[in-house]
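Colleague: Would you be able to build a 3D model of this:
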Amino acid sequence: MSQVAKTNEDVNDGDDSFLSDAIRAFRRNRMAMAGLLLISILFFLALFAPLISTHDPYRVALGEQFMPPSMTYWLGTDNFGRDLVTRILYGARISLVVGIVPSFISLVIGTVFGIISGYYGGKVDFIIMRLADMMIAFPSLLLAMVVMYTLGANLFNIFIALSLVGWAGVARVVRSQTLAVKEKEFIEAARANGTSKASIMLRHIFPNVVPTLIVLFSLSIPEAIMWESSLSFLGVGVQPPEASWGLLVAKGKEYLFAAPLVAIMPGVAILVTVLAFNFVGDGLRDALDPYMTD
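Modeller: Next up, the predicted model:
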């Protein structure tokens, strides 16, 4: 067997060992496993919402306003007579989409800029990092509100606003990882063999920042859910009659004393979802970061 083949086998064995150790470490984290269970239940409820609840989330029945919890309406109804459980289930769809899509977009943008900035350095690094600093200098919620006021309040513009808000932090983290990796011996060997810069960044640097990206993605989802809830609560996010958790809380607060469940239950849904994603993110960070392993 050639020396190159032996080296490749050693690398593959090392990757498999790292992945196995990471999975075992994650499974030992009870809070992370509990968070993963809650997220799985949430995805199931959101995906099969029409089957779980047969009520129409948009049906207005003014004669059934603020009905108390019953076998027909498990958590009662809102000010338009709509079933609260159904509204929360359909709101989970919006919250999950808003949490995942902008987080993924900002992750892609931040990764591209971060790797380019860290690898090339010099003027390229200066321009990208100053642009990132400008984005970070603005309060995230305020910047998202400005974008929503400018473009209009709808779901697509929320994707744009949250993607613009989130990419800069990802870029700075990826840049720091790239600066550490590009000085390694295997990068020097790739350069000596005449490997192109694009190939080095894609095939050698990118795989080494993937564990960090996984953690960043898992932790950015609850942040995006909170931003969407805040924007909808302030009236510049998802608009009626759509069911968004932030919008449900905003409308329900007007009837907090007459029908407290209308405002409290969507708030509980936000709290549980954000905690679950944070538990999973912390578990992934502990499992994938060798410096935090016991």
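Colleague: In space, what's closest to the spatially most central residue of the chain - neighbours in sequence excluded?
Modeller: Central residue of the chain (CA atoms, centre = their mean): residue 221, 1.6 Å from the mean position. Spatial nearest neighbour of residue 221, chain neighbours left out: residue 99 (4.2 Å); criterion: CB to CB, 6 or more residues apart in numbering. Using the backbone N, CA and C atoms, a C-beta is placed for each residue, glycine as well.
Colleague: Let me know the helix or strand that the one you found is in.
Modeller: Element membership for residue 99 (DSSP states H and E) is helix 84-120.
Colleague: now the strands for this protein?
Modeller: With DSSP state E, there are no strands along the chain.
Colleague: residue ranges with poor pLDDT in it?
Modeller: Along the chain, the model assigns pLDDT under 70 to residues 1-16, 289-294.
Colleague: Can you tell me how far the residue lying closest to residue 232 once chain neighbours are set aside is from residue 237?
Modeller: For residue 232, ignoring the flanking residues on the chain, the nearest one in space by CB to CB, 6+ apart is residue 246 at 3.2 Å. Applying CB to CB, to the nearest Å, the value for residue 246 to residue 237 is 6 Å.
Colleague: returning to that earlier point: for the residue nearest to residue 232, give me its contacts.
Modeller: When contacts are counted by CB atoms under 8 Å, 6 or more residues apart in numbering, residue 246 is found next to 228, 229, 230, 231, 232, 233, 237, 238, 266, 270.
Colleague: The fourth one against residue 148, yeah?
Modeller: Yes: counting by CB atoms under 8 Å, residue 231 sits close enough to residue 148 to count as a contact (6.1 Å).
Colleague: which residues are common contacts for these two?
Modeller: Shared contacts of residue 231 and residue 148 (CB under 8 Å, 6+ apart): 158, 161, 237.
Colleague: So which of those are in helices?
Modeller: If you go by DSSP state H, the shared contacts of residue 231 and residue 148 have 158, 161 in helices.
Colleague: and the residue nearest to the centre of the chain, how far is that from residue 68?
Modeller: Computed as CB to CB, the residue 221 to residue 68 distance reads 34 Å.
Colleague: What of residue 234?
Modeller: Note on residue 234: its distance to residue 68, by CB to CB, is 30 Å.
Colleague: Over to residue 166?
Modeller: 41 Å.
Colleague: Of those two, which one has the most company?
Modeller: residue 166 (26 against 10; other CB atoms under 10 Å).
Colleague: if I read this right, residue 39 contacts residue 278, doesn't it?
Modeller: No: Residue 39 lies out of contact with residue 278 (CB under 8 Å); the separation is 10.8 Å.
Colleague: now the helices for the chain?
Modeller: Using DSSP H, the helices found in the chain span residues 3-28, 30-47, 49-52, 84-120, 122-137, 140-151, 155-181, 185-192, 197-200, 206-233, 245-252, 261-288.
Colleague: Return the most buried member of those.
Modeller: Burial of the helices of the chain is given as mean neighbour count (mean count of other CB atoms under 10 Å); helix 245-252 ranks first at a mean of 24.
Colleague: angle of it against helix 261-288?
Modeller: Here helix 245-252 runs at an angle of 150 degrees relative to helix 261-288 (axes from the mean of the first three to the mean of the last three CA atoms, to 10 degrees).
Colleague: Distance-wise, check residue 128 relative to residue 120.
Modeller: 9 Å.
Colleague: Ok, residue 164 next?
Modeller: 23 Å.
Colleague: next one: residue 50
Modeller: 50 Å.
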